[in-house]
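**Student:** coords below, sequence missing:
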């Protein structure tokens, strides 16, 4: 039995993680849940699954009536906390084996850091953990891998599994690399659907509304990640993640548009062979593998029917129109604290666009302005990254207000 903590349990990844846990109740036990603001949803999940260790990221909810109901659920041997630190504290529960980090935004970085410091397996859906703090997270993951091998907790063959990517693209690459010699990898191919605006020009994007940008053609995701997918910032973040996860230089990581989203990513080897990971477009597949590794459990969804798939299309991404991809790659290549500043500016610009306080094309323009203004430093600590994050957010808000 694997005992899991789910951070961001009421979001898209969190709810699908709980679907997997229900399907495999003989193999998975949920021991703790955390949500950002949806306390009512958290309470319903806790009651259904009998979970008594709970946390709510929004500290303002401590005085709301739902807080009393959450306290009643946690009564006895449970716990209840409010605020970002309370969420992070759940990862240190002695009964926890795996922490699913499905928090949205830079807030997830500290939770990932604390998970690995506690020697737990990190099932990672929070992109910013590696985009912002990859230089801190990956050495910690290597330490936990070594601990798992020394304790006999790692698989006999393959990666030790301290950090399991939940993202479909990185989960696909992870699986394509199993059983292979990393020295023989020539290129990682990260696939992109192209989003809802594939093929449009910059002029056609000038008047895009939030509702249009939220309508992703194949994946059902939260608002922020849906906007990132439409701007291709999501792919830029995934390129940075792939660099950290797989130790691959940026000039050997390519993005290819695959509109059907049937191929989740590919690995090209030195002999010209290419391994591709295909499957149904449902996040429960990569979520389940992150939890089941090194085993494979029954499919959580209907398998892909190749007789109905039809054609597969491929195209190069249009980085001139969708400039966020190029900006993210540039931030990753420069390294240091620049990805942190880039990510923070993007979060502010996306929030402004969703609130109709900024424009769609203004997202990339805001990110570029903040990147240009940032003085890059080597990454040294979480506190340093939190300070850079705060500076970049303030600078981005100033830029948006001036437009």
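**Tutor:** Structure's in. What do you need? Keep in mind the model is a prediction, meaning the values are calculated, not measured.
**Student:** what distance separates the start and the end of stretch 84-95?
**Tutor:** Terminal residues of stretch 84-95 lie 21 Å apart, using Cα to Cα, to the nearest Å.
**Student:** what pLDDT, on average, does it get?
**Tutor:** Across stretch 84-95, the average pLDDT comes to 95.
**Student:** Give me the contact list for that stretch.
**Tutor:** 3, 5, 7, 31-32, 34, 53, 55-57, 81, 96, 99, 103, 107, 110-111, 114-115, 118, 120 (Cβ atoms under 8 Å, 6 or more residues apart in numbering). Placement of C-beta: from N, CA and C, glycine included.
**Student:** again, only this time at 6 Å
**Tutor:** 3, 5, 31-32, 34, 55, 57, 99, 110-111, 114-115, 118 (Cβ atoms under 6 Å, 6 or more residues apart in numbering).
**Student:** do the same with stretch 165-179
**Tutor:** 123-125, 158, 188, 190, 238, 245, 264-265, 267, 275, 277, 286-287, 289-290.
**Student:** Now do the buried residues in it.
**Tutor:** 165-177 (16 or more other Cβ atoms under 10 Å).
**Student:** Let's verify residue 191: helix, strand, or coil?
**Tutor:** What DSSP: H, G, I helix; E, B strand; the rest coil gives for residue 191 is strand.
**Student:** Beta-bridge partners for it, please?
**Tutor:** residue 256 (DSSP bridges).
**Student:** And it, how far from residue 229?
**Tutor:** 12 Å (Cβ to Cβ, to the nearest Å).
**Student:** repeat for residue 3
**Tutor:** 32 Å.
**Student:** try residue 23
**Tutor:** 27 Å.
**Student:** More neighbours: which of those two?
**Tutor:** Neighbour totals were compared for residue 23 and residue 229, and residue 229 leads with 23 against 17 (other Cβ atoms under 10 Å).
**Student:** Find the nearest non-adjacent residue to that one, please.
**Tutor:** Computed as Cβ to Cβ, 6 or more residues apart in numbering, the closest residue to residue 229 that is not its neighbour in sequence is residue 195, at 5.0 Å.
**Student:** pLDDT score assigned to residue 215?
**Tutor:** pLDDT, read off for residue 215, is 81.
**Student:** Quick check: it is in a helix.
**Tutor:** No. Counting by three-state DSSP, residue 215 falls outside a helix, being coil.
**Student:** so how many other residues sit close to it?
**Tutor:** Applying other Cβ under 10 Å, we find 12 residues neighbouring residue 215.
**Student:** Confirm that residue 307 lies within a helix, as I assumed.
**Tutor:** Yes. Looking at residue 307 with three-state DSSP, it is inside a helix.
**Student:** Return the distance of it relative to residue 4.
**Tutor:** 36 Å.
**Student:** And the two? Which one has more around it.
**Tutor:** Using other Cβ under 10 Å, the more surrounded residue of residue 307 and residue 4 is residue 4, with 23 against 5.
**Student:** is that one in a bridge, and if so with what?
**Tutor:** Beta-bridge pairing of residue 4 under DSSP bridges involves residue 30, residue 98.
**Student:** Does it touch residue 96 like I think?
**Tutor:** No. Applying Cβ atoms under 6 Å, one finds residue 4 not in contact with residue 96, separated by 7.1 Å.
**Student:** need the helix or strand of the chain with the lowest average pLDDT.
**Tutor:** Sorting the helices and strands of the chain by mean pLDDT, DSSP states H and E puts helix 306-309 at the bottom, at a mean of 88.
**Student:** what's next to it, contact-wise?
**Tutor:** By Cβ under 6 Å, 6+ apart, helix 306-309 touches residue 262.
**Student:** Equivalent analysis for stretch 320-340, please.
**Tutor:** Under the criterion Cβ under 6 Å, 6+ apart, residues 131-132, 202, 231-233, 235-237, 239-240, 243, 250, 317, 319, 342, 364, 367-368, 376-378, 385, 388-389 lie in contact with stretch 320-340.
**Student:** Can you say which of the residues you listed are buried?
**Tutor:** Of those, these count as buried by 16+ other Cβ under 10 Å: 131-132, 231-233, 235-237, 239-240, 243, 317, 319, 342, 364, 367-368, 376, 385, 388-389.
**Student:** From those, which land in strands?
**Tutor:** Cross-referencing those against strands under DSSP state E gives no overlap.
**Student:** what residues are up against the residue lying closest to residue 166 once chain neighbours are set aside?
**Tutor:** Taking Cβ to Cβ, 6+ apart, and ignoring the residues beside it in sequence, residue 166 has residue 125 as its nearest neighbour in space, at 4.0 Å. If you count contacts by Cβ under 6 Å, 6+ apart, residue 125 has them with 13, 102, 166.
**Student:** does the spatially most distant residue from the centre of the chain sit in a helix, a strand or a coil?
**Tutor:** The centre of the chain is farthest from one residue, residue 76, which by Cα atoms, centre = their mean lies 33.6 Å away. When classified by three-state DSSP, residue 76 comes out as coil.
**Student:** From residue 35, how far off is it?
**Tutor:** The gap separating residue 76 from residue 35 is 21 Å, by Cβ to Cβ.
**Student:** Please apply the same query to residue 187.
**Tutor:** 39 Å.
**Student:** higher neighbour count, those two?
**Tutor:** residue 35 (27 against 15).
**Student:** What residues does the more buried one make contact with?
**Tutor:** 9-10, 42, 56.
**Student:** Most neighbours among those residues, which one?
**Tutor:** residue 9 (29 neighbours).
**Student:** now residue 271: how far from residue 277?
**Tutor:** Residue 271 is 19 Å from residue 277, where distance means Cβ to Cβ.
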